[in-house]
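# quick one, fold the following:
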Amino acid sequence: MTSPHRSARNVSPDQYPSCTFQPGFGRIARKAPFDRTPDEIIRMYTVMKNMKAFERFSHRMRMEISKTARYSCCEKGRVILRQGHVGHNFYFIYSGSVFVQVDVEDDNTGVLTAGTTLVMEKGACFGELALLVPGGKRTASIICRETTELFEIEKETFLEVCPDIFERELSEKMDAVLQHEFFQQWPKDRLERLCFESRIEEVMHGRVIDPDTANTDTLYFVLRGKITILKAFSPRQKLANLNIKKRDKLPHTTPDDRCFMKIAELKEGEKTELTALRTGDVSTDPGVMLVSNGVRLMRMSKQKLERFAPRGLVERLRRQYKPILVVPKEDDLLLRYQSDVDWQKFKSNICASLNKELRRLAITDQ
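Next up is the predicted model:
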């Protein structure tokens, strides 16, 4: 990742060739709000309505945001927000993407380690947490992963127009976690704080949510839709049983000979496993990939969960928790893979035989 200390600058859409707007729009977007004409506000609205996060707001809220939003185009490596700084603005990503980087302090040494928790892409929004609390500070650093176009809303406008949306989302988060017994034991104020710092996200069908849950700090709660759970393995070691030569490409595998087998689904009201809460623990999570089937989910930091949890509750969880997801062993996955390969070969042979017979009949009829 590009160093967060790299010097970078904002550029206008008329100056930077990678920015996606037509020449002249930057003049409208950078105008002081009271200088925009009604037609210019409508043009702002037309551009901004293409962002997924914009859909969360009512028509009245969208119009107010369109009146006051300012445009910027930031180069790769630009630090937009820095963890620990006081929050002043709310942001929409019109194009490009950003890293979300959280500095984690080691309990023993006090040394801070920077880690990228996720990537946010076009259509997303960020920066609300520090604005909703008096004197609120940024909980993460946001760094441009590439040239990124943003719409920026000042704190005063945000607090006047937007809080109702996030209050409703907080209620949605609380309803989701209270479906699980572990969270029913929490005091309300601590649970609200944890939910407040958790993030709701809409993930399109087919997008990878998490490539390996064994190496993540995140718990995922399904609010709506489904998540497919895949387990990676390599069938190359069983080539003798599969009747495939070493030089041949294995069916249904990636270039590095890995295969991803569906082992389960997460549905509305379900969550991922509560294992290895603290970073640095030896994970008991077997490690699976999560892929969206079109899902609205909540991301919750395991570190924050441990920080806000009532005293002793996490330790009891570690001693007593029994994983819900049973991940098949590799031998079982290989048997399923072999069965699938054999079935595909059988179907292919049947289709080839039918096509051959149909061609023969066609020639006979002539």
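# per-domain residue ranges of this structure.
Segmentation of the chain into domains, based on automatic domain parsing, reads 1-161, 163-337.
# what residues are up against the closest residue to Phe57 other than its chain neighbours?
Excluding its sequence neighbours, the residue lying closest to Phe57 (C-beta to C-beta, 6 or more residues apart in numbering) is Ile165, at 6.2 Å. The way it works is simple: take the backbone N, C-alpha and C, and place the C-beta from them, glycine included. Applying C-beta atoms under 8 Å, 6 or more residues apart in numbering to Ile165 gives the contacts 56-57, 61.
# re earlier: and the domains of the chain as TSV, adding distance to Leu354?
Converted to TSV, these look like this (distance: least, C-beta to C-beta, whole Å):
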stretch	distance to Leu354
domain 1-161	45
domain 163-337	21
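# rewinding a little: is it possible to get TSV of the contacts of Ile165 that adds distance to Ile41 and secondary structure?
As requested, the contacts of Ile165 are exported to TSV (distance: C-beta to C-beta, whole Å; DSSP: H, G, I helix; E, B strand; the rest coil):
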residue	distance to Ile41	secondary structure
Arg56	20	helix
Phe57	15	coil
Met61	14	helix
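# just the residues you listed now: which is nearest Val47?
Of all the contacts of Ile165, Val47 sits closest to Phe57, with 15.0 Å by C-beta to C-beta.
# quick one: buried residues of the helix or strand hosting the residue nearest to Phe57?
Per DSSP states H and E: Ile165 is located in helix 163-177. Neighbour counts over helix 163-177 (16 or more other C-beta atoms under 10 Å) mark 166, 169-170, 173-174, 176-177 as buried.
# pLDDT on that helix, on average?
For helix 163-177, mean pLDDT is 91.
# where do the helices sit along the stretch 51-200 of the chain?
Along the stretch 51-200 of the chain, counting by DSSP state H, counting those that start in this stretch, helices occupy 59-68, 155-161, 163-177, 181-184, 188-196.
# those: which one's closest to Ala214?
helix 181-184 (20.3 Å).
# quick one on the thing from earlier: just give me the closest of the contacts of Ile165 to Thr46.
Closest to Thr46, out of all of these and judged by C-beta to C-beta, is Phe57, at 15.2 Å.
# so where is the chain shaky, pLDDT-wise?
1-24, 105-116, 236-254, 256, 275-286, 341-349, 356-358, 360-366 (pLDDT under 70).
# of all residues in it, which one is nearest the centre?
Centrality entry for the chain: nearest residue to the mean C-alpha point is Ile209, 5.2 Å, by C-alpha atoms, centre = their mean.
# surely it is in a strand?
Yes. The assignment for Ile209 (DSSP: H, G, I helix; E, B strand; the rest coil) places it in a strand.
# quick check: it touching Val288?
No. If you go by C-beta atoms under 8 Å, Ile209 and Val288 don't touch, sitting 10.8 Å apart.
# which neighbours do these two share?
Contacts common to Ile209 and Val288, judged by C-beta under 8 Å, 6+ apart, are absent.
# picking up where we left off before, and the helix holding Ile165, C-alpha only, in PDB?
Presented in PDB, the C-alpha positions along helix 163-177 are these (Å, rounded to 0.1, in the frame of the first residue of the first chain):
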ATOM      1  CA  PRO A 163     -28.600  11.900  11.500                       C
ATOM      2  CA  ASP A 164     -32.000  10.300  11.200                       C
ATOM      3  CA  ILE A 165     -30.600   7.800   8.700                       C
ATOM      4  CA  PHE A 166     -27.900   6.700  11.000                       C
ATOM      5  CA  GLU A 167     -30.300   6.500  14.000                       C
ATOM      6  CA  ARG A 168     -32.400   4.100  12.000                       C
ATOM      7  CA  GLU A 169     -29.400   2.100  11.100                       C
ATOM      8  CA  LEU A 170     -28.300   1.900  14.700                       C
ATOM      9  CA  SER A 171     -31.700   0.400  15.600                       C
ATOM     10  CA  GLU A 172     -31.300  -2.100  12.700                       C
ATOM     11  CA  LYS A 173     -27.800  -3.100  14.000                       C
ATOM     12  CA  MET A 174     -29.100  -3.600  17.600                       C
ATOM     13  CA  ASP A 175     -32.000  -5.800  16.300                       C
ATOM     14  CA  ALA A 176     -29.500  -7.900  14.400                       C
ATOM     15  CA  VAL A 177     -27.100  -8.600  17.300                       C
END
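# next, the angle helix 188-196 makes with that helix.
Counting by axes from the mean of the first three to the mean of the last three C-alpha atoms, to 10 degrees, helix 163-177 points 110 degrees away from the direction of helix 188-196.
# can you put the contacts of Ile165 in TSV and add neighbour count?
TSV is the format used below for these (neighbours: other C-beta atoms under 10 Å):
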residue	neighbour count
Arg56	17
Phe57	18
Met61	16
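# burial of Gly269, as a residue count?
Counted by other C-beta atoms under 10 Å, the residues lying close to Gly269 total 13.
# distance of it relative to Val291?
For Gly269, the distance to Val291 (C-beta to C-beta, to the nearest Å) stands at 19 Å.
# that older thread, please identify which of the helices of the stretch 51-200 of the chain is closest to Cys259.
Of all these, helix 163-177 comes closest under C-beta to C-beta, at 32.7 Å.
# thinking again about what came up before, make CSV from the helices of the stretch 51-200 of the chain and add distance to Gly312 to it.
CSV is the format used below for these (distance: least, C-beta to C-beta, whole Å):
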stretch, distance to Gly312
helix 59-68, 43
helix 155-161, 38
helix 163-177, 19
helix 181-184, 13
helix 188-196, 13
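# for Pro38, find the nearest of the ones you listed.
Going by C-beta to C-beta, the one of those nearest Pro38 is helix 59-68, 9.7 Å.
# what ranges does this structure have for its strands?
10-11, 70-74, 79-81, 89-95, 97-105, 112-121, 125-126, 141-144, 148-154, 199-203, 208-210, 218-233, 259-266, 289-301 (DSSP state E).
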